[in-house]
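Novice: Structure for the following, please:
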Amino acid sequence: MFGIILGLIVLMVLAYLGWSIIWVAPIAAGVVALTGGLDLLDAYTNTYMGGFVDFAKQWFPVFMLGAIFGKLMEDTGMAKSVAVALTKVIGTDRAILGVLVSAAVLTYGGVSLFVVVFAVYPLALTLFREANITRRLIPPTVALGAFTFTMGGLPGSPQIQNLIPTDYFGTTAMAAPIMGIGASIVMAVGGYLYLRWREKKVTAAGEGYTEPKDNKIVDTGGDAPHFFLSVLPLLVVLITLNVLGWHIIVALLSGIVLIMLLNLTKFKGFVKAINSGAGGSVTAIINTSAAVGFGTVVQAVPGFGRLTELLMGIRGNPLISEAVAVNLLAGATGSASGGMGIALEALGSRYYEIAQETGIDVEAFHRIASLSAGGLDALPHNGAVLTLLTITGMTHKDSYKDIFVVAVLIPIVSVAVAILLASIGLY
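Specialist: The predicted structure is shown next:
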């Protein structure tokens, strides 16, 4: 137990200091292996790399196609078109709501979280400038739209955080819709009301919009396609995945093909976009696989049995122990998908058995896993948070307090709401 805790501390501290999890995870796994009495070399070459390779083998196609889909949406101007059209409907006087909805629609349509940041940032600058709102509220606004309810709350989301549980529970992306929608309302409404309160507070204190020092605005360049054409690929991914029941790989491929067919005049840029998306997906899958590899070593040491007993021994609804396990591991790894992968690889089969024994719908375990992955994952060392702050030119001191509220605190509250719904039989 001490070795597992020490390994988690090493992982969190080094990741927080900015060290890459690609090589931090094996170090932390080494600490766990040594204190757990495992042979160090065998623990790395067999146990660690076994978990690493298994996860990559299973999920790399989804990571790659999702990144390519998002990059094509960005480079063709379709992502920009969707964001601008939504903002026109909402109005520039509601800048926070415009950025929030734009990020949410793109994320729910299958665009990668990282790509959403690039696509929405230029729009956010324009809206916040016109509304005279401080730029330090841009990161939490984008985080609320992209990192919370559309990632693992709304049923049907094609994001990886909503797909991983399907393998362990035999469910679909639409699992437990009432729980998902209820939790999503808490996150979306609660986060928006908080950000509006913060807007009024900082504005009353005399703080308004200031131009970025370098004034570099990321833009897609060229004319953006019409909104109705731009939204079609997003709808195709959602409909083929959730209505027609196609595999996520086929759904994403359908979206990619449609983007290219609707933008044949921009075919010269397709190869560059596809190369860029595919290249970016490699880093994402390796980071997540590294975290899962660490979890595989944790499972192999004797202390893990005791840890399992503690988690399973949490009194009350078994959904609570699942929420705690996924949240803690997502926080330790700084990765929603990585933390969930570790937790479900270790405990997924046991939770499935509990579902059969207790009569709790297995879909409830799916939804709680997806929701819980989006809580403590957004601690300061999270890769998406670091990317968001870098792109927007903000620091942790500037914006992290507000990111914490909308992407950590409120999502954890939403998990409690989802568990409450499940406890009264509303799945």
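Novice: CA atoms for contacts and neighbours, from now on please.
Specialist: Noted.
Novice: and Val13, how many neighbours?
Specialist: A total of 14 residues lie near Val13 under the criterion other C-alpha atoms under 10 Å.
Novice: Could you tell me the per-residue confidence at it?
Specialist: On pLDDT, Val13 comes in at 82.
Novice: What of His381?
Specialist: pLDDT at His381 comes out at 72.
Novice: wait, it sits on Gly334?
Specialist: Yes - the pair His381 and Gly334 qualifies as a contact (C-alpha atoms under 8 Å) at a distance of 5.8 Å.
Novice: and Ala28, what element?
Specialist: Assessed by DSSP states H and E, Ala28 sits inside helix 21-35.
Novice: quick one: that helix to chain centroid distance?
Specialist: 24 Å (C-alpha atoms, centre = their mean, to the nearest Å).
Novice: His381 and Gly334: who's more crowded?
Specialist: Between His381 and Gly334, counting by other C-alpha under 10 Å, Gly334 is the more crowded of the two (29 against 22).
Novice: OK, contacts around that one?
Specialist: By C-alpha atoms under 8 Å, 6 or more residues apart in numbering, the contact list for Gly334 reads Met12, Ala15, Leu376, Asp377, Ala378, Leu379, His381, Asn382, Gly383.
Novice: which stretch of helix or strand covers the first one?
Specialist: Yep, that's Met12 we're talking about. Here Met12 is assigned to helix 2-16, by DSSP H and E.
Novice: what's the single longest helix in the chain?
Specialist: helix 270-300 (DSSP state H).
Novice: confidence score at Lys80?
Specialist: pLDDT at Lys80 comes out at 83.
Novice: distance of it from Lys266?
Specialist: Using C-alpha to C-alpha, to the nearest Å, Lys80 is found at 15 Å from Lys266.
Novice: Compare those two (neighbour count), which wins?
Specialist: Lys80 (29 against 13).
Novice: From what I see, the more buried one and Phe227 are in contact.
Specialist: No - counting by C-alpha under 8 Å, Lys80 stays clear of Phe227, with 9.1 Å between them.
Novice: my guess is Gly66 meets Val111, correct?
Specialist: Yes - taking contacts as C-alpha under 8 Å, Gly66 lies within contact range of Val111: 6.7 Å.
Novice: neighbours of the residue lying closest to Gly30 once chain neighbours are set aside, just the number please.
Specialist: Distance criterion C-alpha to C-alpha, 6 or more residues apart in numbering; nearest residue to Gly30, sequence neighbours excluded, is Leu40 at 6.4 Å. Neighbour count for Leu40, taken as other C-alpha under 10 Å: 15.
Novice: Distance of Leu40 relative to Val13?
Specialist: Plainly put, Leu40 is 22 Å away from Val13 if you go by C-alpha to C-alpha.
Novice: Pull the contacting residues for the closest residue to Leu376 other than its chain neighbours.
Specialist: Sequence neighbours aside, Gly331 is the residue nearest to Leu376 in space, at 4.4 Å (criterion: C-alpha to C-alpha, 6+ apart). By C-alpha under 8 Å, 6+ apart, the contact set of Gly331 is Met12, Gly339, Gly375, Leu376, Asp377, Ala378, Leu379.
Novice: ok, now Ala284?
Specialist: Counted by C-alpha under 8 Å, 6+ apart, Ala284 has contacts Phe63.
Novice: Tell me the pLDDT of it.
Specialist: Taking Ala284 on its own, its pLDDT is 82.
Novice: what does Pro158 give?
Specialist: On pLDDT, Pro158 comes in at 95.
Novice: Excluding covalently adjacent residues, which one is nearest to it?
Specialist: Gly110 is the one closest to Pro158 (C-alpha to C-alpha, 6+ apart), at 5.4 Å.
Novice: Give me the pLDDT for Thr220.
Specialist: Residue-level pLDDT assigned to Thr220 equals 43.
Novice: same thing with the one 4 residues further on?
Specialist: Per-residue confidence at Ala224 stands at 78 (pLDDT).
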